[in-house]
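Colleague: What follows is a protein structure lacking sequence information:
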């Protein structure tokens, strides 16, 4: 197996820097859109053969060094009892948002083997198709990020109901976060059992909090998951987008890899926590709109900032946008593969 | 005059911490909505009596320690020759976005006394109505932030065309930024001549850049403005939202006050640059959805983090949201006024 990704996660020696892209199984690929034209998003998530097929596409087409299972972080709240709708061009919606103690009490902690069986089947099918090619990453949303969606009923920018609950009824918020932490941990353990070679916790909305409240309401619950997670050495990646104020705290919870967005200098991040964890990132996803030569220049800049040695998983600082040309995504992957060789070896 | 705001900007002794709110002349006020019901947004900007009336409202109703002229950063691109439309619930749109050298050449550097005369008249009218009550703040968008709107034609999250131009045609981007820097400087000087007691440069989109590109494409041009700006001691506030990675660089360009959003700890910001400049911020604007007692608790927390002494202008970390209850805005202002006394004096 091409295990560059797994070795980099553990800061073991590699011949070159491994690379994958968040949301790499996605709409920028014509082959993805061909399947998506026949099935809606949730149907794709829930049909193991379709999920497996699009999961493997970027490995074949772009040449990434890891696959990440095609799914959505919101399948967990759905399995907890919320009614999830994916509304075209508007994003996900929960028709019954969580606002009260009764709402929280009504949520169940899912049994992943029963309530999320389709994800495990997708992982198993994908492992079979992938064979020994590249590792497969499983994932889940962080408790805070899931809570924010569940309380609002959708994405947002004000996070009105979420922050109101956090300020006015912190014990209610913490009850919800506790329930989510248990649900996410069990879900991740099931993914590892189903064959995931690594897992990533996506804390997409951790960065909308003050540093104090980030630590109290987001990182604390990620910590609870990582600390209790049963695993056999599979690496854990924690990505709290925008939480650059707390890198040291994130590194301290026991993650193997810390994801960073593009608003921190890679040299600065490495300087802060590079002796302790591997780093994943951090190309601005909008840079894939630039020309292949500009993309190569920016890739080189990040590789150079990280410098010599292992412990870097190259990635975007957020998911790839749907209207990025495929050849630009490939240009990034090729640039990482070619330009990184000189930063490894003797 | 209540000059607490001006003294705090210069880190001079104050009896209590002054407070105002970004977007304080806005839709959360019923008195504002009553005027807005009769005139559209741009008409309000361009009718000095209406602009002055809503500018003064939060001084009367909420008791803030400074007024900020009611206007929009996009009046400058409009005066440069772009056609601006304010589309309800969708925000501003330029029908002819700037993408080529020809587009840039076609832009004029506005003569503020002619092309933006209505802003100067609004400032003069406001000064007359305000009398000696509180200082009046003028403002403009940063070159980078204006360029991003002008190139995209609207707000965004990918900033596709903007970042593509920045990567692939940096000399084109810099030609546009140069022209904007001249335009903004002349505009701010005219506002000072018309009676503005302080000015703020809003760099709303500086934080979407990597630290390197922020310095090169945003801060560099704010620096050019501040360095050349003719003023008689009126303080300059620079607010690059989300650019917490570069606070020291911002402080070094000669601004009197550095605005910060809520994703940095006030104690951390003060520690970094508090000996050099005053700080403005940094309550999460969503916290105004919380109860008045929670708002007071969070206000106290920030005051305590800043600690003893002058050099703090209390503000939100971004504009107040339209659906915040008026009494919550007032609760924040009252809390600052009452709780800050103990951090000043002997």
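Modeller: Done, it's in. Only a predicted model underlies this, so the values are computations on that prediction, with no experimental measurement involved.
Colleague: Tell me the predicted confidence for residue A:111.
Modeller: Residue A:111 is assigned 98 on the pLDDT scale.
Colleague: wait, what's in contact with it?
Modeller: With contact taken as CB atoms under 8 Å, 6 or more residues apart in numbering or on different chains, residue A:111 is in contact with residue A:186. For the C-beta atoms, the positions are set from N, CA and C on the backbone; glycine is no exception.
Colleague: Around chain B, which positions in the stretch 51-200 of chain A sit nearby?
Modeller: Within the stretch 51-200 of chain A, the positions adjacent to chain B are A:158-161, A:163-164, A:167-168 by CB under 8 Å from any CB of the partner chain.
Colleague: Try it again at 10 Å.
Modeller: Taking CB under 10 Å from any CB of the partner chain as the measure of proximity, the stretch 51-200 of chain A contacts chain B at A:156-170.
Colleague: Pull out the buried members of those.
Modeller: When those are checked for burial by 16 or more other CB atoms under 10 Å in any protein chain shown, the buried set is A:156, A:158-167, A:169.
Colleague: Which residue lies closest in space to residue A:219, excluding its sequence neighbours?
Modeller: Spatial nearest neighbour of residue A:219, excluding adjacent residues (CB to CB, 6 or more residues apart in numbering or on different chains): residue A:249 at 5.9 Å.
Colleague: my read: that neighbour touches residue A:223, true?
Modeller: Yes: using CB atoms under 10 Å, residue A:249 is in contact with residue A:223, at 8.9 Å.
Colleague: one step back: let me see the contact set for the residue nearest to residue A:219.
Modeller: The contact partners of residue A:249, by CB atoms under 10 Å, 6 or more residues apart in numbering or on different chains, come to A:211, A:214-215, A:219-220, A:223, A:240, A:243, A:273.
Colleague: With residue A:29 instead?
Modeller: Residue A:29 makes contact with A:35-36, A:54, A:57-58, A:61-62, A:320, A:322, A:324, A:326, A:329, according to CB under 10 Å, 6+ apart.
Colleague: Report pLDDT for residue A:209.
Modeller: 98.
Colleague: That one against residue B:262, yeah?
Modeller: Yes: counting by CB under 10 Å, residue A:209 does reach residue B:262; the two are 8.3 Å apart.
Colleague: what do residue A:249 and residue A:223 both touch?
Modeller: Residues touching both residue A:249 and residue A:223 (CB under 10 Å, 6+ apart): residue A:215.
Colleague: How much space separates the spatially closest residue to residue A:254 that is not a sequence neighbour from chain B?
Modeller: Closest residue in space to residue A:254, ignoring its immediate chain neighbours: residue A:226 at 5.0 Å, by CB to CB, 6+ apart. With distances taken as CB to the nearest CB, to the nearest Å, residue A:226 is found 23 Å from chain B.
Colleague: How about residue A:186?
Modeller: Applying CB to the nearest CB, the value for residue A:186 to chain B is 31 Å.
Colleague: related to what we said a few turns ago, most neighbours among the contacts of residue A:29, please name it.
Modeller: When neighbours are taken as other CB atoms under 10 Å in any protein chain shown, the top entry among these is residue A:58 (30 neighbours).
Colleague: mind listing what that one touches?
Modeller: A:20-21, A:23-26, A:28-29, A:31-32, A:64, A:66-68, A:70, A:134, A:320, A:326, A:329-330, A:333.
Colleague: do you know how far it is from residue A:142?
Modeller: Distance from residue A:58 to residue A:142, counting by CB to CB, to the nearest Å: 24 Å.
Colleague: any idea which helix or strand comes after the host helix or strand of the residue nearest to residue A:254?
Modeller: With secondary structure defined by DSSP states H and E, residue A:226 is part of helix A:220-228. Sequence-wise, the next helix or strand downstream of helix A:220-228 (DSSP H and E) is strand A:236-240.
Colleague: avg pLDDT for that next one?
Modeller: 98.
Colleague: What distance do you get for the closest residue to chain B within the stretch 201-346 of chain A to residue B:167?
Modeller: Using CB to the nearest CB, residue A:290 is the residue of the stretch 201-346 of chain A that sits closest to chain B, at 3.5 Å. Relative to residue B:167, residue A:290 is positioned 3 Å away (CB to CB).
Colleague: again with residue A:110
Modeller: Look at residue A:110 and residue B:167: by CB to CB, they are 44 Å apart.
Colleague: and the longest helix belonging to chain A, how far from the chain's centre?
Modeller: Longest helix of chain A, by residue count under DSSP state H: helix A:170-193. Here helix A:170-193 is found 16 Å from its chain centre; the criterion is CA atoms, centre = their mean, to the nearest Å.
Colleague: For it, what does the pLDDT average out to?
Modeller: Mean predicted confidence for helix A:170-193 is 98.
Colleague: In the stretch 101-250 of chain A, what residue comes closest to chain B?
Modeller: Nearest residue of the stretch 101-250 of chain A to chain B (CB to the nearest CB) works out as residue A:167 at 3.5 Å.
Colleague: Now do the contacts for that residue.
Modeller: Neighbour list for residue A:167: A:173, A:213, B:284, B:286-291, B:293-295, B:297-298 [criterion: CB under 10 Å, 6+ apart].
Colleague: how many other residues sit next to the residue lying closest to residue A:225 once chain neighbours are set aside?
Modeller: The shortest distance from residue A:225 to any non-neighbouring residue, by CB to CB, 6+ apart, is to residue A:185 (4.6 Å). For residue A:185, the neighbour count with other CB under 10 Å is 21.
Colleague: now do residue A:248
Modeller: Residue A:248 - counted by other CB under 10 Å - has 11 other residues nearby.
Colleague: what about it, helix or strand, and which?
Modeller: Assigned by DSSP H and E, residue A:248 falls within helix A:247-251.
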